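**Q** predicted model follows, preceded by the sequence.
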Amino acid sequence: MSDSHQLPIDQAPGFGRIPVVDVTMVVENGRLPAKATVGERIPIRATVFREGHDAVNAAVVLTDPLGTSTRVDMVPIEPVGLDPWEAWIRPDREGRWSFRVEAWSDPWATWLHNAAAKLPLGMDVDLLCQEGAVLLTRAADAAADPITASMLRATALMLVPDKAADDLLATVTSIGVTAAMKANGPREFVTPTQQFPLFVDRAKALFSSWYEFFPRSVGAFRDDDGWHSGTFDSCHTRLEEIAAMGFDVVYLPPVHPIGTSFRKGPDNTLDAGPGDPGSPWAIGSPDGGHDAIDPNLGDMAAFDRFVAKARSLGMEVALDLALQASPDHPWVQYHPQWFTTRPDGTIAYAENPPKKYQDIYPLNFDNDPQGLYREILRVVRLWMRHDVRIFRVDNPHTKPLSFWAWLLAEVRRTDPDVVFLAEAFTRPAMMRALAKLGFHQSYTYFVWRTDKWELEQYLLELALETDAYLRPNFFVNTPDINPLYLQDGDEAAFAVRAILAATMSPSWGVYSGFELFEHTPPRPGAEEYAHSEKYEYRPRDFSAEPNLNVLLGRLNAIRKAHPALQQLRQVALHEVTHDQILAFSKTERADTVLVVCSLDPRETLEAEVCVDFDALGLPGASQLRVRDELTGESFTWGASAFVRLTPDQPAHILHVEGQV
């Protein structure tokens, strides 16, 4: 009988000699890179097992952009019996990394297990001593350090059958022997996985605090001649105020010339007056397109001054990348093939029936992909030369994924510090695909998550399920989204949402007016703003009271002071005896923050928080010292802690200082 269909030894599909499966921090089976940032702790987990009862071991082999490899030992984790292993890595430079998991049969661990079981019973003592001495000698031969080699050989000579079992076990489990055998002990049937890609970005890709505003509204005024636009130069004082609140990214809607054809008036009406500025997303006029500045805002020199001012205050400017055009855009005249032409010869405008956007023409990425792709890359690189290193991408889910894969790869190839945020409030599959393809941050469903169970599940989903590729940015509102939770105008509701966003996600954002409790919709139940700034000037008095300026500043200061709030993964939920109080903790090495927040902005709530000491890294503790970073008060908390949260003080942000 022919054996041509028999599998070769050790070539069972999907399994090596020592099987390694379910490796984490892997995107699309390794076809796309997982994400990390410089200094971020990353967990690599895998299931490692083998036939029979012999022990296995595993390690992560991490290779940096220079080709230098480092081995990080994995450890078995709970639950026992399901064979999970884990190692935490911390990349220390930007660039393309890779890793693999190596598993092996561990003769020394197998021997230790057998010795611990047999020696106290007097079973096979002679043979055990001989086998142990052989393994110690093999490790001594492999040791590069002569002192370590001598210590291992001396230990091998100490394995004699006439010693007491306790003495023998103490000899082979000393700290020195354990460390030496871990480093030099025999490794049999070493089985590596494939190399998995990992791209390491700058820290801003994970941790940032965004503030969005329309420059044209800052300094805008109306006189007998009508409205006069704010300019880049009129915004410098506002930049100082934003920096004083601790924000480090200033995001601007499109700053390009705005078309006049079908220009939208107030509240998205079709009858714009001569003084109505139109929507910034209707890009393009005879003054230029995506590579030009709206003359009402100033010129390119004024833009450069604006960016330089932001930089001097420790902030970066994020620019909107909206890939669409008004009917007046130069592209329409010179590149009509980049749009969709209807049978009647007209160009198709944007629609989301029953909504119509006659002032915007979508791009067609299939008619002339080579020409359109390169034009968009040219535009992006132009703004990069003007020191824009962050782009907020408008509606990326309405463009082909293949285009984004190309564009993001092209930019990353030459400028890996450039960050792209995907503004895609759409289906989960599309949001996840955009993140996998390389978007550095993603808008999320946070604005619609208000119930306790929703917030808890979403926190765990982002921390444990999509963390290899999706970095969330929790905006509390946007020009398009006036959350229903805020539409009663309760000041405590705004505080609650700011506290949750700033502590649940490493990146969060605020759209201008939030701090002034703006909340009025155009009609009941609409998740929009009346008198939307998208279509008209909205100058504001940001010093008017009441406001949230102090709280926003305090939240950003707390975030900068606590590494625990700058990371995504190390999160734990804590039980509370009230369904309107959420409690969770975040930990980064020695820094732990415990957040307890009311979800009811109107009522005073009282409850017991059941503190999980193990989750806080304090196993066996009975009491701990905590300091409220919002108020400065200190408390001693036990396993059950009473809290009283009011609309004036709806949350505790507690720094866990240690156990009592």
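**A** Right, received. Where do you want to start? Bear in mind that the values here come from a model prediction, so they are computed numbers and not experimental data. Numbering: from 1, shown residues only.
**Q** what about the closest residue to Leu206 other than its chain neighbours, neighbour count?
**A** With sequence-adjacent residues excluded and distances taken as CB to CB, 6 or more residues apart in numbering, Leu206 is closest to Thr37, at 4.4 Å. Yep, even glycine has a C-beta here, placed from its N, CA and C like the rest. Neighbourhood size, Thr37 [other CB atoms under 10 Å]: 23.
**Q** need phi/psi at Thr37.
**A** The phi and psi values for Thr37, taken as degrees, to the nearest 10, are phi -130, psi 160.
**Q** for it, name its beta-bridge partners.
**A** Asp201 (DSSP bridges).
**Q** roughly how far does it sit from Arg342?
**A** 46 Å (CB to CB, to the nearest Å).
**Q** I figured the residue nearest to Leu206 was touching Phe199, is that so?
**A** No. Here Thr37 does not reach Phe199: they are 9.8 Å apart, not a contact under CB atoms under 8 Å.
**Q** what's the lowest-mean-pLDDT helix or strand in the chain in contact with?
**A** Lowest mean confidence among the helices and strands of the chain (mean pLDDT, DSSP states H and E): strand 355-357, at a mean of 80. Residues outside strand 355-357 that contact it (CB atoms under 8 Å, 6 or more residues apart in numbering): Tyr349, Ala350, Glu351.
**Q** after it, next one along is what?
**A** For strand 355-357, the following helix or strand on the C-terminal side (DSSP states H and E) is strand 361-362.
**Q** tell me the strands beside that following strand, with direction?
**A** When DSSP bridges is applied, strand 361-362 pairs with strand 324-325 (antiparallel).
**Q** and Met123, what element?
**A** According to DSSP H and E, Met123 maps onto no helix or strand at all.
**Q** tally up the residues packed near it, please.
**A** So Met123, with other CB under 10 Å, has 12 neighbours.
**Q** kindly report the same for Asp166.
**A** 10.
**Q** how about it, what does it touch?
**A** By CB under 8 Å, 6+ apart, the neighbours of Asp166 are Pro120.
**Q** what's the closest non-adjacent residue to Arg559?
**A** Arg559's closest residue in space is Leu565 (CB to CB, 6+ apart), at 4.8 Å.
**Q** below-threshold pLDDT in this structure: ranges please.
**A** 1-14 (pLDDT under 70).
**Q** now with 90, please.
**A** Low-confidence segments of the chain (pLDDT under 90): 1-16, 78-83, 225, 268-271, 274, 345, 350-358, 617, 620, 660.
**Q** which elements pack onto the helix or strand harbouring Arg413?
**A** Per DSSP H and E: Arg413 is located in helix 401-414. Packing partners of helix 401-414 (3 or more CB pairs under 8 Å, 6 or more residues apart in numbering; DSSP states H and E): helix 369-385, helix 428-437.
**Q** so which of these is the most surrounded?
**A** Comparing the helices and strands packed on helix 401-414 by mean neighbour count (mean count of other CB atoms under 10 Å), helix 428-437 ranks first with a mean of 19.
**Q** can I get that one in PDB, CA atoms only?
**A** Extracted in PDB, the C-alpha atoms of helix 428-437 (Å, rounded to 0.1, in the frame of the first residue of the first chain):
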ATOM      1  CA  PRO A 428     -18.300  46.800  14.000                       C
ATOM      2  CA  ALA A 429     -16.800  44.800  11.100                       C
ATOM      3  CA  MET A 430     -15.900  47.900   9.200                       C
ATOM      4  CA  MET A 431     -14.600  49.800  12.200                       C
ATOM      5  CA  ARG A 432     -12.400  46.800  13.100                       C
ATOM      6  CA  ALA A 433     -11.100  46.400   9.500                       C
ATOM      7  CA  LEU A 434     -10.000  50.000   9.400                       C
ATOM      8  CA  ALA A 435      -8.100  49.600  12.600                       C
ATOM      9  CA  LYS A 436      -6.500  46.400  11.400                       C
ATOM     10  CA  LEU A 437      -5.400  48.100   8.200                       C
END
